[in-house]
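**Q** coordinates only, no sequence provided:
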């Protein structure tokens, strides 16, 4: 048996309006990328969404702490609100990434040694 929910037309309209507005704002954030515009000033929520859409996962609290410490490039608007340049944010995030070591590099050799030691211990 299906559950029946009784509601008014105005309540349904309000729910639809709220959901459409939220999806429209998400779409606008996706369109505000450096590929479509040269540089966009973003607030903290938009900056976090931009970084997450580009594959740089960061939480709101980490973003706030890094901004307060001056590690994330930002500008103050009227001594209160922080604004972030999309280009500067992506450049900052790219600077945090480490280059991948080639296949014959030291990292691969050390991982292989650790794996072989673990396999030896399992056999014994």
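**A** Alright, I've got the coordinates. Values in this document were obtained by computation on a predicted structure and should not be read as measured data.

**Q** when you work out contacts or count neighbours from here on, use the C-alpha atoms and nothing else.
**A** OK.

**Q** quick check: what element follows the helix ranked longest in the chain along the chain?
**A** As assigned by DSSP state H, the longest helix anywhere in the chain is helix 9-31. Note on helix 9-31: by DSSP states H and E, the next helix or strand toward the C-terminus is strand 41-42.

**Q** quick revisit: list the buried residues for the longest helix of the chain?
**A** For helix 9-31, a neighbour-count test (16 or more other C-alpha atoms under 10 Å) marks residue 29 as buried.

**Q** give me the helices and strands touching that helix, please.
**A** helix 44-53 (3 or more C-alpha pairs under 8 Å, 6 or more residues apart in numbering; DSSP states H and E).

**Q** what residues sit buried inside the helix it packs on?
**A** 44, 46, 47, 48, 49, 50, 51.

**Q** kindly report the same for stretch 86-94.
**A** Result for stretch 86-94 [16+ other C-alpha under 10 Å]: buried residues 86, 87, 88, 89, 90.

**Q** identify the residues contacting the residue positioned nearest the centre of the chain.
**A** Residue closest to the average C-alpha location in the chain (C-alpha atoms, centre = their mean): residue 52, at 1.9 Å. For residue 52, the contact set (C-alpha atoms under 8 Å, 6 or more residues apart in numbering) comprises residue 58.
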